[in-house]
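Novice: My questions are about this predicted structure, shown below with the sequence.
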Amino acid sequence: MSAMWIATLVSSLICYLFKILGYTIPESFLANPRVQRINTLIPIVLLSSLVGVQTITNKSEIVFDQRVVGVAVAAIALKFKAPFPVVIFSAALTSAALYNWL
Amino acid sequence: MSLSKGQVLRDSLSVALPVGTYGIAFGAAAIANGFSVLQASLFSLLLFSGASQFAVVGVMGAGGSALSAITTGSLLGFRNGLYSMRMKPVLKVQGVRKLLAAQITIDESTGVAISQEPRGEAAMRFGFWATGIGVFIFWNLFTLLGALGAQALGNPSAWGLDAAVPAAFLGLVWPRLINKQSKLIAILATVIALLLTPISSAGVPIISTVLLAVLFGWKPKA
């Protein structure tokens, strides 16, 4: 089985197990305040680092290209409270324009 | 249908439809990162949690191992377990209904259910199911559309898909940056991941930032 398939199926299985876990185990277990605090921060660190890595790296190198401008435009759109599809579309449009015409 | 059920349904749909359409971005991201249309659809059917799905395809697309992709996606999926715990006493589900409720226990279904609290537990339950099922249907439909569309387009860079994926991550993290501490942590995580990129294998820089979450979350804020 390819790595792509393993990633697809195993991540799906683990994420489902987390979902069913909350309905199954005693409530006090996950209610620990420390678990709750760390859990609130996990999406912040993972999603932020993904923004950085996906925007200015390619393989193991730091690369500045059209993606940086695209993501900057997305940030501006978010600043002006644009809806999610507008954010994505403006980033894609900017990046594609630079890629095709520069 | 009673008046209050109609109101709950309207609340549910007003969340489910726009969120579901983001599936188009996921479908396109999956293809841009080398996954097939079938795999993109299976993610939305089986994993069904947006941030985790984007993370798995993003880490794999950046050249990460299956292990680092699975770890990142699973860490992001952990919060759904906390939502399940919150919904357990409200839904009181057993058997097959428990298995189904678990699959649709995500940000949106839990969020709408909690927002219905003033209307009572019956409204919370209805809001949970209506939102969860609504997001599931629209998310899967739009994932397929996005995947088929991206496959037809070809070179991801020519269509800006290489910027659309990090823009999606930015859009997902943005509403969570609610105070100075969260903004500081976000910047630190980005800097650390970038510093680690040239010296570690792909995926590791992202997972490493979880240490920051543990460090800052260990003690209550002073």
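Specialist: Arrived safely.
Novice: Correct me if wrong: residue B:143 contacts residue B:42.
Specialist: No: judged on C-beta atoms under 8 Å, residue B:143 makes no contact with residue B:42 at a distance of 9.7 Å. C-betas here are computed from N, CA, C, even on glycine.
Novice: Which one of those two is surrounded by more residues?
Specialist: A direct count of neighbours by other C-beta atoms under 10 Å in any protein chain shown for residue B:143 and residue B:42 places residue B:143 higher, at 29 against 18.
Novice: For the more buried one, give me its contacts.
Specialist: Listed by C-beta atoms under 8 Å, 6 or more residues apart in numbering or on different chains, the contact set of residue B:143 reads B:23-24, B:26-27, B:30, B:40-41, B:43-44.
Novice: Pick out the residue of chain B closest to chain A.
Specialist: Nearest residue of chain B to chain A (C-beta to the nearest C-beta) works out as residue B:84 at 2.4 Å.
Novice: Confirm that that residue sits in a strand.
Specialist: No: read with DSSP: H, G, I helix; E, B strand; the rest coil, residue B:84 is helix and lies in no strand.
Novice: Let me know whether it touches residue A:20 as I believe.
Specialist: Yes: with contact defined as C-beta under 8 Å, residue B:84 and residue A:20 form a contacting pair (7.1 Å).
Novice: Common neighbours of those two, please.
Specialist: With C-beta under 8 Å, 6+ apart, residue B:84 and residue A:20 have common neighbours residue B:102.
Novice: more crowded one of those two?
Specialist: Using other C-beta under 10 Å, the more surrounded residue of residue B:84 and residue A:20 is residue B:84, with 24 against 18.
Novice: Not counting sequence-adjacent ones, nearest residue to that one?
Specialist: Of all residues not flanking residue B:84 in the chain, residue A:22 sits nearest, at 2.4 Å (C-beta to C-beta, 6 or more residues apart in numbering or on different chains).
Novice: What strand or helix carries the one you found?
Specialist: helix A:3-24 (DSSP states H and E).
Novice: what comes up buried for that helix?
Specialist: Buried positions in helix A:3-24, judged by neighbour count with 16 or more other C-beta atoms under 10 Å in any protein chain shown: A:4, A:6-12, A:14-16, A:18-23.
Novice: Check stretch B:15-26 too.
Specialist: Buried residues in stretch B:15-26 (16+ other C-beta under 10 Å): B:15-16, B:19-26.
Novice: Contacting chain A as well, which ones from these?
Specialist: Residues shared between the buried residues of stretch B:15-26 and the neighbourhood of chain A are B:21-22, B:24-25 [C-beta under 8 Å from any C-beta of the partner chain].
Novice: Of those residues, which is the nearest to residue B:128?
Specialist: Comparing those against residue B:128 with C-beta to C-beta picks out residue B:22 as the nearest, at 19.8 Å.
Novice: Which residues are in contact with the residue nearest to the closest one when sequence neighbours are not counted?
Specialist: Sequence neighbours aside, residue A:84 is the residue nearest to residue B:22 in space, at 5.6 Å (criterion: C-beta to C-beta, 6+ apart). The contact partners of residue A:84, taken as C-beta under 8 Å, 6+ apart, are B:18, B:22, B:25, B:171.
Novice: and with 10 Å instead?
Specialist: For residue A:84, the contacting residues are A:77-78, B:18-19, B:21-22, B:25, B:167-168, B:171-172, B:174, by C-beta atoms under 10 Å, 6 or more residues apart in numbering or on different chains.
Novice: Among the contacts of residue B:143, give me the pair with the biggest separation.
Specialist: Pairwise over the contacts of residue B:143, using C-beta to C-beta, the maximum falls at B:24 and B:43, 13.6 Å.
Novice: okay, and the common contacts of those two?
Specialist: By C-beta under 10 Å, 6+ apart, residue B:24 and residue B:43 have these common neighbours: B:143, B:147.
Novice: hang on, the earlier thing: the residue nearest to residue B:22 and residue A:52, how far apart?
Specialist: Separation of residue A:84 from residue A:52 (C-beta to C-beta, to the nearest Å) stands at 20 Å.
Novice: any idea of the mean pLDDT for the biggest helix by length in chain A?
Specialist: The longest helix of chain A (DSSP state H) is helix A:33-56. Across helix A:33-56, the average pLDDT comes to 91.
Novice: Ranking helices and strands of chain A by mean pLDDT, which lands last?
Specialist: Least confident helix or strand of chain A, by mean pLDDT, DSSP states H and E, is strand A:57-58 with a mean of 88.
Novice: After that strand, which helix or strand is next?
Specialist: That would be, after strand A:57-58 and using DSSP H and E, strand A:61-62.
Novice: quick one on the thing from earlier: return the residues in contact with the residue of chain B closest to chain A.
Specialist: A:18-25, A:30, B:91, B:98, B:101-102, B:105, B:110.
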